[in-house]
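# what's the 3D shape of this:
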Amino acid sequence: MEINITDCTIFADGLDHPEGLAFHKDGSLWAGGEAGQIYHIDQSGKVTLFAETGGFNLGLAFHPSYEWLAVCDLKNKCVWKLEIETKNLSVFTRGAQGASFSIPNYPVFDNQGNLYVSDSGAFRQINWELFKNLIRRERESSGMMAPLILPMEWLFRPKEMLCLSFVLSCQALKK
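Next up, the predicted model:
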């Protein structure tokens, strides 16, 4: 089915560079803004500025309990924890031990409440077990020293299957 732009309507307006859409179980939509805004959009399309980080917000994700929102912040290089009931905003993490975020881009929770965050600015070879075969195949076929995998978006499907979209950079050094 083809969708034409004339078939579309504006649901909410007046947001500043909205990114990282997340739906709450109550049906509301949440979005981040480029000046650190965290927007709450109710089912009628009414936009409310809920909180501000002072950074540049990218991806958002609700904890499985829906009690708090994880907010990736490009400028502050962290993931914020926004408690919905109290509006308390605190830094949740700045990265893993020994590996600070460069550009925390997109968060996702599994059903147990574990948080996964893509770091799109981590311009280095990723050494995850999941990608070793891909990296090896790319290195052999392209002659490149270290292909760069830049995670962009994560999501979990039913039965805990992790889906990941990524960009494979071909700008690595040649042998």
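# Show me the strands in this structure, by range?
The residue ranges that make up the strands of the chain, judged by DSSP state E, are 19-23, 29-32, 37-41, 47-52, 57-62, 68-73, 78-83, 89-93, 95-96, 99-100, 104-109, 115-119, 148-157, 161-169.
# Would you convert those strands into a markdown table that also reports mean pLDDT?
Below are these laid out as a markdown table (pLDDT from 0 to 100):
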| stretch | mean pLDDT |
| --- | --- |
| strand 19-23 | 90 |
| strand 29-32 | 95 |
| strand 37-41 | 97 |
| strand 47-52 | 97 |
| strand 57-62 | 95 |
| strand 68-73 | 96 |
| strand 78-83 | 96 |
| strand 89-93 | 96 |
| strand 95-96 | 83 |
| strand 99-100 | 82 |
| strand 104-109 | 87 |
| strand 115-119 | 83 |
| strand 148-157 | 44 |
| strand 161-169 | 43 |
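# tell me the most buried of the ones you listed?
Most buried of those by mean neighbour count (mean count of other CB atoms under 10 Å) is strand 68-73; its value is a mean of 25. Bear in mind the C-beta positions are built from the backbone N, C-alpha and C, glycine included.
# Which elements pack onto that one?
Applying 3 or more CB pairs under 8 Å, 6 or more residues apart in numbering; DSSP states H and E, one finds that strand 68-73 contacts strand 19-23, strand 29-32, strand 57-62, strand 78-83, strand 104-109, strand 115-119.
# Try it again at 6 Å.
Applying 3 or more CB pairs under 6 Å, 6 or more residues apart in numbering; DSSP states H and E, we find strand 68-73 packed against strand 57-62, strand 78-83, strand 104-109.
# one step back: include distance to residue 7 when you put the strands of the chain into TSV, please.
TSV is the format used below for the strands of the chain (distance: least, CB to CB, whole Å):
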stretch	distance to residue 7
strand 19-23	20
strand 29-32	20
strand 37-41	21
strand 47-52	23
strand 57-62	27
strand 68-73	31
strand 78-83	34
strand 89-93	38
strand 95-96	42
strand 99-100	45
strand 104-109	29
strand 115-119	32
strand 148-157	26
strand 161-169	26
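# Residue 13 is nearest to which of the ones you listed?
Checking those against residue 13 by CB to CB gives strand 47-52 as the closest, at 7.5 Å.
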